[in-house]
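Trainee: Sharing a model that was predicted from the sequence below.
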Amino acid sequence: MSRDVNLGSTMTPRLHPHASASGKVILVGEHAVVYGQPALAAGLPDGLELWASPLDRRTDATRLVIPEWQLDLVLTPDNDHPVARATLEVLGFCDGPLTGWRITGTSRLPSRAGCGSSAALSVALARLVLGDEAAPADIIEASLAGERVFHGNPSGIDNLVATTGGIVRFVKGQPAAEIAVKAPLPLLVVPTGIPRSTAAQVTKVRERLARLPSIVRPILDAIGHATDDAISAINSCNYNILGEIFTVTHELLSSLGVSCPALDSLQADALSAGALGAKLTGAGGGGCLLVLPPADPSPVIDAMRARGLEPLAVEVR
Ligand code: MEV
């Protein structure tokens, strides 16, 4: 993937000084999307900002520092930290420089929590090489090289939303459809603080599908129907139904084996405090709970804080 735009007069690949990417929250459809069902995801603005500056010596190893994610990595070829490997994959895929830079990032998103931190990193890195004006399809393709290091065989939904932002209906292998919302949708994203591996969660579903196909296949189909019902509910601003869809989808995901006791009890607390609906988001097994709050979200926020958790209030549009 050679691009003239990236080559300076000395033909040494360079990085642009700044790039950014959105985080993401999957509203409905995670896991089922891996099997061709539709999913609905929204970009979280200000997901990740990266700045690049050249080191004095171009042969020195590139350093990646993102304090909020406790990352300070020297990108030598033998560094087997997944972030180091993914970063070099993306830079290499775009014919970018593999040495000689300091890349510094800042993020308001929790990492490894289902908010698309790894996709945001891969997308922002691709933009550091290819520039903001690069076609979204090229950014997505390059960023998937990094995402494969983290997640094996991702559906691509995280990378799409990290690139485009907004709310999108995604089906693997098909063009995505942007969903225009009549009013911004307020949500609470509650990080449980429990890290998990997306690849391991996806494997769990694959294995259960292989063992129990006649049970698991209809659950995946039902999650796909939930995505389209959620789009209708958003279009008609019917938040009671949208909330119920969130809650039912949590139960479906739970029966696929991708919830965990902490998420289940947090969901119960959110509903008792008046949430219109709540579900795990992303791979599950920890990560974040996604809550559709009532008009006054404070009782739900208080209930989450009583458990020592700090909800992130977002408006998706
Ligand atoms: C992870 O954010 C979403 C999953 O559906 C995996 C994928 O789509 O690649 C669990």
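Mentor: Thanks, I have it.
Trainee: For whatever residue of the stretch 1-150 of the chain ends up closest to the ligand, give me its contacts.
Mentor: Closest residue of the stretch 1-150 of the chain to the ligand, C-beta to the nearest ligand atom: E30 (3.9 Å). All C-beta spots, glycine's among them, are computed from the backbone N, C-alpha and C. Taking C-beta atoms under 8 Å, 6 or more residues apart in numbering, we find E30 in contact with A39, L253, L280, T281, G282, A283, G284.
Trainee: where does it sit relative to P154, distance-wise?
Mentor: Distance, E30 to P154, using C-beta to C-beta, to the nearest Å: 11 Å.
Trainee: got it, and S22?
Mentor: From S22 to P154 the distance is 16 Å (C-beta to C-beta).
Trainee: More neighbours: the two, which one.
Mentor: S22 (26 against 22; other C-beta atoms under 10 Å).
Trainee: pLDDT averaged over the helix or strand that one falls within, what's the number?
Mentor: Under the criterion of DSSP states H and E, S22 resides in strand 18-28. In this model, strand 18-28 has a mean pLDDT of 97.
Trainee: Flag every buried residue along it.
Mentor: Under the neighbour-count criterion of 16 or more other C-beta atoms under 10 Å, strand 18-28 has A19, S20, A21, S22, G23, K24, V25, I26, L27, V28 buried.
Trainee: Isn't the first one up against R127?
Mentor: Meaning A19. Yes: in this structure, A19 is within contact of R127 by C-beta atoms under 8 Å, at 3.6 Å.
Trainee: Show me the subset of the contacts of E30 that also lies near the ligand.
Mentor: G282, A283 (C-beta under 6 Å from any ligand atom).
Trainee: Would you format the contacts of E30 as CSV with pLDDT and neighbour count included?
Mentor: Below are these laid out as CSV (pLDDT from 0 to 100; neighbours: other C-beta atoms under 10 Å):
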residue, pLDDT, neighbour count
A39, 98, 26
L253, 98, 25
L280, 98, 30
T281, 97, 30
G282, 96, 26
A283, 95, 26
G284, 96, 27
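Trainee: Just the ones of the contacts of E30 in helices?
Mentor: In helices, defined here by DSSP state H, the members of the contacts of E30 are L253.
Trainee: so what's the nearest residue to Q37 once chain neighbours are set aside up against?
Mentor: Excluding the flanking residues, the one nearest Q37 by C-beta to C-beta, 6 or more residues apart in numbering is G224, at 3.1 Å. Residues in contact with G224 (C-beta under 8 Å, 6+ apart) are G29, A32, Q37, P38.
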